[in-house]
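In: Okay, predicted coordinates and the sequence, questions at the end:
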Amino acid sequence: ARPGGRMARAEPPAATFERRVLRSAAEHHYLRVRLELPDGGARLSAVQFKQLVVSALRELHGEVGAALPVDVLTYEEKTLSAILRVVSSGLVKLWSALTLLGFYQNRRCAFRVLQTSPFLLALSGNSRELVLD
């Protein structure tokens, strides 16, 4: 007992905090992209589109970048739009290579990344294109 007749209170143990940073555990990331050709006219097959993606990776990241596993899951020739799948660790490499690509067959072009997600289902519909009756 303390002087004055009061009992000493036990101090609660100090709270310990642990910092956890959660990275996306997803194995793949998906990108919805569109190739823009200002003068139009050019039509690329799915194979040519994939070759353009690989050449963009090679141009920026060399042979190591060109070896990055990228899959073209869907491709629409009319709009030059595609959904790409890449291993999550290669997302930044792919995105940067597409962004910095400026020419296709000596003609100006630009890739636009419209959406990206670790979930393919998230790219299946775009609420901005939704038509309500």
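Out: Good, I have the coordinates.

In: remind me which residues of this structure are low pLDDT?
Out: 1-9, 19-24, 41, 125-133 (pLDDT under 70).

In: Other residues contacting the lengthiest helix in it?
Out: The longest helix of the chain (DSSP state H) is helix 46-66. With C-beta atoms under 8 Å, 6 or more residues apart in numbering as the test, helix 46-66 has contacts from 35, 44, 68, 70, 72, 75, 77, 80, 82, 84, 93-94, 96-98, 100-101, 104, 111. For every residue, glycine as well, the C-beta is placed using N, CA and C.

In: Next secondary structure after that helix?
Out: Sequence-wise, the next helix or strand downstream of helix 46-66 (DSSP states H and E) is strand 70-76.

In: What is the next helix or strand after that next one packed up against?
Out: Next in sequence after strand 70-76, counting helices and strands by DSSP H and E, comes strand 81-87. Judged by 3 or more C-beta pairs under 8 Å, 6 or more residues apart in numbering; DSSP states H and E, the packing partners of strand 81-87 are strand 28-36, strand 70-76.

In: Name the residue closest to the centre of the protein, please.
Out: Thr116 (4.5 Å; C-alpha atoms, centre = their mean).

In: The spatially closest residue to it that is not a sequence neighbour: how many residues sit nearby?
Out: Distances taken as C-beta to C-beta, 6 or more residues apart in numbering place Leu31 nearest to Thr116, at 4.8 Å, with adjacent residues excluded. Residues lying near Leu31 (other C-beta atoms under 10 Å) number 22.
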